[in-house]
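Asks: need a 3D model of the following:
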Amino acid sequence: MPATPLPQPPEVCGGIPTRGPLNALENASSAAILRVLRVTLHTGFALLLAVGLVRMLMSGGALRWVWAAAAVVLAALYLAGTVLEKRHAEGRTVVDPRRYSVLWLGLVTALWAFLLAGSADFAWLAFPIFFLHLHLLPRRGALLAIGLMTAAVIGSQWAASGSPVPHAAAVVGPVLGAIFSVITGLAYAALYREAENQRRAADELRRTREELARSQHEAGVLAERERLAREIHDTLAQGLSSIVLLGRAAGQSLAEGDSATAAARLALVQQTAADNLSEARSFVRGLSSPQLEGTTLVEALDRLCGRTETDAAAAGVSLRCRLEVDGEPQDLPQPARVALLRAAQASLANVREHARASTAVVSVAFLGNEVTMDVYDDGRGFDPGAAGGAAGAADGSGFGLRSLRERVAALNGTLAVESAPGEGTVVAIRLPVEEP
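Replies: Numbering: from 1, shown residues only. Take a look at the predicted model:
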């Protein structure tokens, strides 16, 4: 008899599924125990049936070939049911044996009863069949069937002994065997439920890990998009805007015949394009701004003020920009340096392009455990409540303030904008820093 899984009810049919390496490892111990129990049960059924058949044939009864045929039919029926269940559990057949499990069990039990009526040697075949009842029937129905089968075994042993009173062993043996079968069957079911719980827990853990990995990946993608958006806005977008303005100014100078001024403005165009190319290569690699390489934040901001004046003058705008430093400059963490430089770049670009200001002041104060930076201009101002929306304008403008807030918030800092139409603008940033 091959070692195939027992025909089982819907909740236990198919043995213990092991879906993936993780489940196989976690359920290996329980699955091994259940497999041994199944093999033992099927082997015991085959051996007991064979012993009963041989003893019955050796008895030389007139109807022994009838009982032999019934035993062969029982063996074939048992084998067919277990093989079909095995194939269904492995997904190799679409026929679901669970629909016929009770009918199959009834036929097996009826054939056993028929064999028992012919020879008491088939009595002990009842014990493997007890397990089938425990698996395929509700508990009360299974216990009732086992009780009736135990009584039939006792009756067959009594009849075979020819004694007017059944021997104690003929009663105690079947009863103890039935009790042991029930306890073993219930233990098997409990062990299977535990294995199923482990499998479900492993499936849930795997799904949770997959969802967590997916959400972390999506969060990483969104964070990288936000980073690139901020970098593009604060570097490339501003640089391209400057190139457009300088190109128009150079074209105007050429139209007026002022080739020297046009050449100077074209040189600024080339320099701006080179600077932005270097910026693009840096933030694609996730590095800091080239303007901070080999220099301090104060020096980079001072050069930025000078560059702002030059770009404004090249575009025909009179703008004075100066840097003010309060406190002893300290060596800031790289993220804080980049954030402050980008904030100054974006703020001064807005001043140059939108504020129509004559003066801009970048004020940096080093206060020990924090650094502040204010960018002030005396331009036309605006309504902060109507700017820097979540989505920005359709042309891509309006993204600057939101980008600055996100950049500063990522460093646990604060950003405040004070402005009103006709009263200029102040962009105030505070960043906490570790003390030296």
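
Asks: any stretches of this protein with poor pLDDT?
Replies: 1-31, 33-34, 60-62, 166, 231, 233-234, 282-293, 387-400, 435-436 (pLDDT under 70).

Asks: again, only using 50
Replies: 1-26, 388-397, 436 (pLDDT under 50).

Asks: need the strands for it, in chain order.
Replies: Along the chain, counting by DSSP state E, strands occupy 320-326, 359-366, 370-377, 414-419, 425-432.

Asks: which stretch among these comes nearest residue 45?
Replies: Nearest to residue 45 among these is strand 425-432; the distance by Cβ to Cβ comes to 76.2 Å. Heads up, the C-betas are built off the backbone N, CA and C, glycines and all.

Asks: how about the backbone phi and psi for the residue lying farthest from the centre of the chain?
Replies: Distance to the chain centre peaks in the chain at residue 164, reaching 72.3 Å (criterion: Cα atoms, centre = their mean). Backbone dihedrals for residue 164, given as degrees, to the nearest 10, come out at phi -70, psi -20.

Asks: for it, give its distance to residue 36.
Replies: 44 Å (Cβ to Cβ, to the nearest Å).

Asks: repeat for residue 358
Replies: From residue 358 over to residue 36 the distance is 91 Å, taken as Cβ to Cβ.

Asks: elements contacting the lengthiest helix in the chain?
Replies: Assignment by DSSP state H gives helix 168-231 as the longest helix of the chain. Using 3 or more Cβ pairs under 8 Å, 6 or more residues apart in numbering; DSSP states H and E, the elements in contact with helix 168-231 are helix 21-26, helix 28-58, helix 126-136, helix 139-161, helix 259-284, helix 400-409.

Asks: relative to residue 118, which of these is closest?
Replies: The nearest among the helices and strands packed on helix 168-231, by Cβ to Cβ, is helix 28-58 at 7.0 Å.

Asks: what helices and strands are in contact with that closest one?
Replies: helix 64-89, helix 126-136, helix 168-231.

Asks: so which of those helices is nearest residue 248?
Replies: Of all the helices and strands packed on helix 28-58, it is helix 168-231 that lies closest to residue 248, at 25.6 Å by Cβ to Cβ.

Asks: tilt between the closest one and helix 259-284?
Replies: 170 degrees (axes from the mean of the first three to the mean of the last three Cα atoms, to 10 degrees).

Asks: relative to helix 400-409, how tilted is helix 168-231?
Replies: 130 degrees.

Asks: give me the distance from helix 168-231 to the chain's centre.
Replies: 17 Å (Cα atoms, centre = their mean, to the nearest Å).

Asks: tell me the contacts of the residue nearest to residue 424 when sequence neighbours are not counted?
Replies: Nearest non-adjacent residue to residue 424, counting by Cβ to Cβ, 6 or more residues apart in numbering: residue 378, 4.6 Å away. Applying Cβ atoms under 8 Å, 6 or more residues apart in numbering, we find residue 378 in contact with 357-359, 424.

Asks: and if we set it to 6 Å?
Replies: Taking Cβ atoms under 6 Å, 6 or more residues apart in numbering, we find residue 378 in contact with 357, 359, 424.

Asks: only the buried subset of those, as a PyMOL command please.
Replies: Listed next is the PyMOL selection for buried residues among the contacts of residue 378, using 16 or more other Cβ atoms under 10 Å:
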select buried, resi 357+424
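
Asks: as CSV, the contacts of residue 378 with distance to residue 155 would be great.
Replies: Formatted as CSV, those follow (distance: Cβ to Cβ, whole Å):
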residue, distance to residue 155
357, 111
359, 114
424, 109
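
Asks: from the contacts of residue 378, which is closest to residue 126?
Replies: residue 424 (99.7 Å).

Asks: quick check: the closest one touching residue 380?
Replies: No. Applying Cβ atoms under 6 Å, one finds residue 424 not in contact with residue 380, separated by 8.0 Å.

Asks: distance of residue 54 from residue 76?
Replies: 18 Å.

Asks: quick one: which of those two has more around it?
Replies: residue 54 (13 against 10; other Cβ atoms under 10 Å).

Asks: setting aside sequence neighbours, what's the nearest residue to residue 324?
Replies: Per Cβ to Cβ, 6+ apart, closest to residue 324 is residue 363, 4.5 Å.

Asks: which of the helices and strands packed on helix 28-58 sits most buried?
Replies: Neighbour counts (mean count of other Cβ atoms under 10 Å) averaged over each of the helices and strands packed on helix 28-58 peak at helix 126-136, with a mean of 23.

Asks: residues contacting that helix, please?
Replies: Helix 126-136 has contacts (Cβ under 6 Å, 6+ apart) with 6, 8-9, 41, 44-45, 101, 105, 112, 142, 145-146, 149, 153, 177, 181, 185.

Asks: over to stretch 343-355?
Replies: So stretch 343-355 is contacted by 234, 238, 301, 304, 308, 312, 357, 360, 362, 375, 377, 379, 400, 404, 427, 429 (Cβ under 6 Å, 6+ apart).

Asks: who are the neighbours in contact with residue 239?
Replies: Taking Cβ under 6 Å, 6+ apart as the test, what residue 239 contacts is 272, 276.

Asks: again, only this time at 8 Å
Replies: Residue 239 makes contacts with 272-273, 275-276, 279, as judged by Cβ under 8 Å, 6+ apart.
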